[in-house]
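[1] sequence and predicted model, in that order:
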Amino acid sequence: MKKHPKTLFEKIWESHVVYSQPGFPNVLYVDAHLIHEVTSPQAFDGLRRRNISVFRKKRTWATADHNVPTKDQHLPIKELLSKVQVEKLTKNCKEFDIRLYGLGHPFQGIVHIIGPELGITKPGMTIVCGDSHTSTHGAFGSIAFGIGTSEVEQVLATQTILQQKPKTMKIEINGKLGKGVVSKDIILYIISKISTSGATGYFVEYAGSTIRGLSMEARMTICNMSIEMGSRGGMIAPDEITYQYMKGRKFAPKGNNWNTALQYWKTLPSDKGAKYDREITFKAEDIEPMVTYGTNPGMGVKITAKIPKESSFTSDRDRASFRQAISYMNLKPGAKMQDQKVDYVFLGSCTNSRIEDLRMVAEVVKGRKKVDNVEVFVIPGSKQVEMQARKEGLDKLFAQAGFELRGPGCSACLGMNEDKIPSGKYCISTSNRNFEGRQGPGARTFLASPLTAAASALTGRITDPRELL
Amino acid sequence: MKKNNIIISSTCVPLPVENIDTDQIIPARFLKAITREGFGENLFRDWRFDAEDNLKKNFVLNNTKYKGEILIAGRNFGCGSSREHAAWALSDYGFKAVFSSFFADIFKNNALINHLLPVIVSEKFLQKLFRTIENDPKAKVAIDIEKQTIRIEKTGEEEKFPMDPYRKMCFLKGYDDVDYLLSLKSQVLTFEKARKNDYSIV
């Protein structure tokens, strides 16, 4: 009998169901659990209260990223509460015997940067973390999603998690990208088309020739922002590009084990004729550099476009959201996106802080200088990215342009550590969220690609990077 | 965890804004606590207070006309960050339920685990609720968890809401997910033993 064709998602999900019973969510085995200082302390307290240990210690990895300063990382953290939270993680990891790549460790960095970089992230796995951008890891063909702190406790205690099986969606992008159009533009374009809730309840698989042509780092940028359209996870089937990226990394299989793993990974891509609950197709040729004007990631337009007017929205609800966003951003409807002033440029976050992102920045700013009234943060995603950038001389190239390469961390993505954007100021940012106050109370965010953000630093206005390439 | 009453009856707080993300519910700078308590103080912090910590008078939580254990919000409530602190903040402030026509997945799950009831209502009923509360801030709404219904008390208008049977049981009996999962330990051990193609740890 012919086998029922399955999607990549179904294959992985089914092979991880430990237990199911009608009317109950599935009990899913978790292969890798990543933790950080913000969403784990209450979970460890839960273990203490129940007087139990961590069930599978080798399957959890910890790092400190959200609260860490990006300057003078060798000195004690200045902000007391941040310091306490980071120290609590260290204590918890010691008490429960969990691997920690803390501040000062050569592997420290943003949790979603270090997982792939160390080879923890691999195809066919289930990966969770108390952070919504865990979707990043799906780029390797794994089921990876963000969880809350109570679920962190479930995983620490049992290595399993209770989950309703989501629906599946395929988003296909075919064709050749134009000059200056990168993966960040692809995902901002998709979200602008399907809205910030367009994929809620679904797990997304990205496919098509455009996706196949992307590097692993570019694929991670796309999967990273799946949550910004409501999807808990986004995934891409593994291929030669995936295997090339993984080979030789610290936690990747070695020798014969690599060969057997490879055979298994090659069975994972969706079968021909596999059915999805929803399918959407886009053309790469339609995508231009994108930038957001509003206060959710779905409020994006082509960089050559104008800020929409209220009359371009059809429903009262959308008009109300638009009014609130435009008032917070203090922008003029109908004005050109490219005329907008920028005070800060943030190059970093789990979306765009890998070495290829920094190389993109270098490509734009090489031999050029930022304008005086703009402040630029370049924040590598991990210590390893930072070391690589220094090795390639990017730090010097940035310094000549007036950019500062700092230490790794979440930095100004979320206004939780010392790096914040002041109230009322405009920041063009390579991060993932332009919510009100996300980068600091009153801060105003334009989301864009590293190319666009770097180009804007050179002019102090939102600038089309194609003019500089 | 403690058992919940089958019926909650309360006045409501209307917040007719769509896509309320968890950064608005509790901004990241207040996530530094290492316990679950006290987050209510900073619920909707930047909508409730200005930069000098003065109350913003036009925000609904600062309007003495509106009080209650039910928050009624626009579509796509709780999108964005997975921070469970958002559910903790709403509970700590005193809310027992949130009504919306659509919830983000992670928030919905976090809320249920913390026995803060996310009630999905139709867009039409949501608009009716907003109008009812606007006309009469003292109007009460009753939630019957057993029957999965919400009812505007003075008019008797009613709507059913969906609820996962497992979550309903947890809610009514005060069960806890970790206890349930710990009870399945032998199944987990069997799964691990039978496992093929696991290359996750080397």
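    Thanks, I have it.
[2] next helix or strand past the helix or strand of chain B with the lowest mean pLDDT?
    Least confident helix or strand of chain B, by mean pLDDT, DSSP states H and E, is helix B:165-173 with a mean of 92. Sequence order places helix B:177-182 as the next helix or strand after helix B:165-173, per DSSP states H and E.
[3] pull the distance from that following helix to the chain's centre.
    In this view, helix B:177-182 has its centroid 22 Å away from the chain centroid, taken as Cα atoms, centre = their mean, to the nearest Å.
[4] and stretch A:269-278, by the same measure?
    25 Å.
[5] ok so, going back, got the contact list for the least confident helix or strand of chain B?
    The contact list for helix B:165-173, computed with Cβ atoms under 8 Å, 6 or more residues apart in numbering or on different chains, reads A:23-25, A:162, B:3-4, B:6, B:112, B:115, B:117, B:145-146, B:148, B:163, B:175-177. The C-beta positions use only the backbone N, C-alpha and C, and glycine is treated the same way.
[6] number of nearby residues for residue 47?
    By default, I'm working from chain A. Residues contacting A:Leu47 under the criterion other Cβ atoms under 10 Å in any protein chain shown number 19.
[7] that answer is for a different chain, and I need it for chain B
    21.
[8] again, but for the one 5 residues further on
    Taking other Cβ under 10 Å as the criterion, the count of residues near B:Glu52 is 5.
[9] export stretch A:78-92 to PDB, keeping only CA atoms.
    Coordinates of each C-alpha in stretch A:78-92 appear next as PDB, following Å, rounded to 0.1, in the frame of the first residue of the first chain:
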ATOM      1  CA  LYS A  78      25.600  48.000  37.000                       C
ATOM      2  CA  GLU A  79      21.800  47.600  37.200                       C
ATOM      3  CA  LEU A  80      21.000  45.700  40.400                       C
ATOM      4  CA  LEU A  81      17.900  43.800  39.300                       C
ATOM      5  CA  SER A  82      19.600  42.700  36.100                       C
ATOM      6  CA  LYS A  83      22.600  41.600  38.100                       C
ATOM      7  CA  VAL A  84      20.400  39.600  40.500                       C
ATOM      8  CA  GLN A  85      18.600  37.900  37.600                       C
ATOM      9  CA  VAL A  86      21.900  36.900  35.800                       C
ATOM     10  CA  GLU A  87      23.400  35.700  39.100                       C
ATOM     11  CA  LYS A  88      20.200  33.700  39.800                       C
ATOM     12  CA  LEU A  89      20.700  31.900  36.500                       C
ATOM     13  CA  THR A  90      24.300  31.000  37.500                       C
ATOM     14  CA  LYS A  91      23.100  29.700  40.900                       C
ATOM     15  CA  ASN A  92      20.300  27.700  39.400                       C
END
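[10] does any bit of it sit next to chain B?
    Yes. Stretch A:78-92 lies within reach of chain B by Cβ under 8 Å from any Cβ of the partner chain, at A:Leu81, A:Ser82, A:Val84, A:Gln85, A:Lys88.
[11] show me the contacts for the third one.
    It refers to A:Val84. B:Lys32, B:Ile34.
[12] one step back: and of the residues of stretch A:78-92 next to chain B, the nearest to chain B?
    A:Leu81 (3.8 Å; Cβ to the nearest Cβ).
[13] could you measure from A:Cys223 over to B:Lys173?
    Between A:Cys223 and B:Lys173 the distance, using Cβ to Cβ, to the nearest Å, works out to 38 Å.
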